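Engineer: Starting from these lines, generate the structure:
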Amino acid sequence: MAAGYGALYDIGRWIVLFASHPLHEDFRIFYVAAEAGSRFGWARIYDAATLRSLLVSFPVGQTYIDSSVPFISPPLLAWLIFPLTAFPPGIAYVLWSAVSLGALVWAWFISAPYGGIPKVTMLLVALALWPVLDSFYYGQPSILVLALVATAWWLCTRDQDLAAGAALALATSIKPQAMVLVPLALLVSGRYRPVVAWAAGCAVLGVVSFAALGTTGVAAWWGSIQYAQTNGGHSFFTLAYLLGREPITYVIEALQGLLALAIARWRRRELDMVFAVGLLGSLVSSFHLHQPDYSSLLLAAWLVLRTSPPLWHRLWLLAGLFTMQAVTLGQPLPQVLWDAGWLAILSVSSFYGSGASDPATPPASVSGARAGT
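Structural biologist: Numbers count the residues shown, from 1 in each chain. Next up, the predicted model:
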C-alpha cells in the first residue's frame, strides 16, 4: 500500500508538472538536436549556434543553452528522438514518456523477483522512486538504458549471447555512465561471447556515428563535452560532492570500480550478481552522474533480490529507497555513502559469506538463482 500511494503521488506529480511546464529543458535539447540533424546534417547536432537558432520558436525561458545543458549525448539518442520531431515538442515529450514507461514495465516484467502481489509491489516501488520520476520529468533515456541492460541479462539467461551483447552496445551508445562496467563484469566472469558481441556492436555504432558526424561533427562533440564538464553540476551527484574534484576522488572511484569487478569475478557463477555489481560499479566509479542515472540501482536491486539475500541485506536495500529520494532533494551524500555501503556488503558476503564461489568452477551461462521467482 505504501508503494502504491508513492506511485500514485509520482504519477500525479508528473501530470501536474506536465500541465504547468509541458517540456523540460533536457528533452527540448534532445528534440532540437534531432531536428538539427534532420534539417542541416548530423554534423550540426553539437553546434550550439544551430541549436539556439532552432530554439527561437520555443516559449520564453526555454531558448538558452549554457554549459550545463548543451547536447553532449552520443548521436544515437538524437537518432532515436528523430521520428518524434514529426510532432510538436509537447506531444513528442508525451510520446517519449510513454516509451520510457513501456521500457520500465518490460524491465520489471522480465527481471523483477517474486510473483503476484510482491512482484506488483516491485513495479509500484519503481514508480514511487524519485530518480525514476526525474527520468520521466527530464525526458532522460535512463529508463531505456535500464530496459536494455535488463534485456541483455534476460537474453544471457537464455544463452542468446550475441543478442545480449547487441543490447548492451545500444545501452552504451545512449548513456554509458549508467552501465559501462556491465560488459567488463561479464568479461571477468568468463562470459566472452556477449562481450565480443558488445564490442562488435559498439564498433559498428562507432563507425556509423563517425560516418554521420564526420571529422567536423566529432570535433564539435568533443568540444561540447569539454564545455559541459566546466560545469561542476555534472559531478555533484558523485563522490566529488564529498571530496571535491581532486585526484584522490578519481582514485577512490577507480578502486570502487575494481572492487565491483573483483566481486563479479568471485561470484561469476551467478549471472544475477554479475549484472548487479556491474551496474553498482558503474555508478560508484562514475565522475559524471545526475539524479535519473540512479534508476540503474533499481535493476541491480531486483537482480540481487533474485539471489534470496538474508533479511539484513534486504533491510539495507529498503534503506536505499530513502537515500534515493534524498538525491532528488539535492542531497547526494546519503546515496554516495549508501552505494559504498552496499558495495562493502556485497564484498563481505562474496568473499567471506555463503555467496562465495569456488574459483575452480566455471561460470554457468544461465542464472543460478531461481528461488526468488
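Engineer: Pull up the gap between the residue nearest the centre of the chain and residue 190, please.
Structural biologist: The chain has residue 178 as the residue nearest its centroid, 3.7 Å off, counting by CA atoms, centre = their mean. Distance of residue 178 to residue 190, computed by CB to CB, to the nearest Å: 24 Å. C-beta coordinates here come from the backbone N, C-alpha and C atoms, glycine included.
Engineer: Residue 276 now?
Structural biologist: From residue 276 to residue 190 the distance is 17 Å (CB to CB).
Engineer: Which positions in the longest helix anywhere in the chain come out as buried?
Structural biologist: Across the chain, the helix with the greatest residue count (assigned by DSSP state H) is helix 192-229. For helix 192-229, a neighbour-count test (16 or more other CB atoms under 10 Å) marks 193-195, 197-199, 201-202, 205, 209, 212-213, 217-218, 220-221, 224, 227-228 as buried.
Engineer: And the helices in the stretch 201-350 of the chain?
Structural biologist: With DSSP state H, counting those that start in this stretch as the criterion, the stretch 201-350 of the chain has helices at 240-243, 247-266, 271-284, 296-305, 311-328, 333-351.
Engineer: who's in contact with the residue nearest to the centre of the chain?
Structural biologist: 142, 145, 146, 171, 279, 282, 283, 286, 293, 295, 296 (CB atoms under 8 Å, 6 or more residues apart in numbering).
Engineer: So the residue lying closest to residue 200 once chain neighbours are set aside, which state does it fall into?
Structural biologist: Spatially, and ignoring its direct neighbours in sequence, residue 200 is nearest to residue 165 (7.2 Å; CB to CB, 6 or more residues apart in numbering). Assigned with DSSP: H, G, I helix; E, B strand; the rest coil, residue 165 falls in the helix class.
Engineer: ok, now how distant is residue 165 from residue 23?
Structural biologist: Residue 165 sits 35 Å away from residue 23, taking CB to CB as the criterion.
Engineer: So between those two, which is more surrounded?
Structural biologist: Taking other CB atoms under 10 Å, residue 165 and residue 23 do not tie; residue 165 has more neighbours (26 against 20).
Engineer: CA atoms of the helix or strand where residue 80 lies as CSV?
Structural biologist: In the assignment (DSSP states H and E), residue 80 maps to helix 75-81. The C-alpha trace of helix 75-81 is given here as CSV (Å, rounded to 0.1, in the frame of the first residue of the first chain):
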residue,chain,number,x,y,z
PRO,A,75,24.3,10.7,-31.7
LEU,A,76,22.2,7.5,-31.2
LEU,A,77,20.0,9.4,-28.8
ALA,A,78,19.3,12.1,-31.4
TRP,A,79,18.5,9.4,-34.0
LEU,A,80,16.0,7.8,-31.6
ILE,A,81,14.3,11.1,-31.0
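Engineer: follow-up on the earlier one: looking at the contacts of residue 178, which one is closest to residue 304?
Structural biologist: residue 279 (10.0 Å; CB to CB).
Engineer: how deep is the residue nearest to that closest one when sequence neighbours are not counted tucked in, by neighbour count?
Structural biologist: Leaving aside its sequence neighbours, residue 279 sits nearest to residue 300 (CB to CB, 6+ apart; 4.2 Å). Using other CB under 10 Å, residue 300 has 28 other residues around it.
Engineer: again with residue 49
Structural biologist: Counted with other CB under 10 Å, residue 49 comes out at 8.
Engineer: Then the one 5 residues further on?
Structural biologist: Close neighbours of residue 54, defined as other CB under 10 Å, add up to 18.
Engineer: residue contacts, the closest residue to residue 9 other than its chain neighbours?
Structural biologist: Nearest residue to residue 9, sequence neighbours excluded (CB to CB, 6+ apart): residue 128, at 7.2 Å. The contact partners of residue 128, by CB under 8 Å, 6+ apart, come to 3, 5, 6, 7, 9, 10, 321.
Engineer: after the helix or strand encompassing the first one, next one along is what?
Structural biologist: Pointing back at residue 3 there. Using DSSP H and E, residue 3 sits in helix 2-20. Where DSSP H and E defines the elements, the next helix or strand beyond helix 2-20 is helix 25-40.
Engineer: so what does that next one touch, helix or strand wise?
Structural biologist: helix 48-55, helix 75-81, helix 89-111, helix 130-138 (3 or more CB pairs under 8 Å, 6 or more residues apart in numbering; DSSP states H and E).
Engineer: angle of that helix against helix 130-138?
Structural biologist: Our comparison of helix 25-40 with helix 130-138, counting by axes from the mean of the first three to the mean of the last three CA atoms, to 10 degrees, yields an angle of 40 degrees.
Engineer: From the chain's centroid, how far away is stretch 248-263?
Structural biologist: Using CA atoms, centre = their mean, to the nearest Å, the distance from the centre of stretch 248-263 to the centre of the chain it belongs to is 18 Å.
Engineer: Can you point out the buried residues in it?
Structural biologist: Neighbour counts over stretch 248-263 (16+ other CB under 10 Å) mark 249, 252, 253, 256, 257, 259, 260, 261, 262, 263 as buried.
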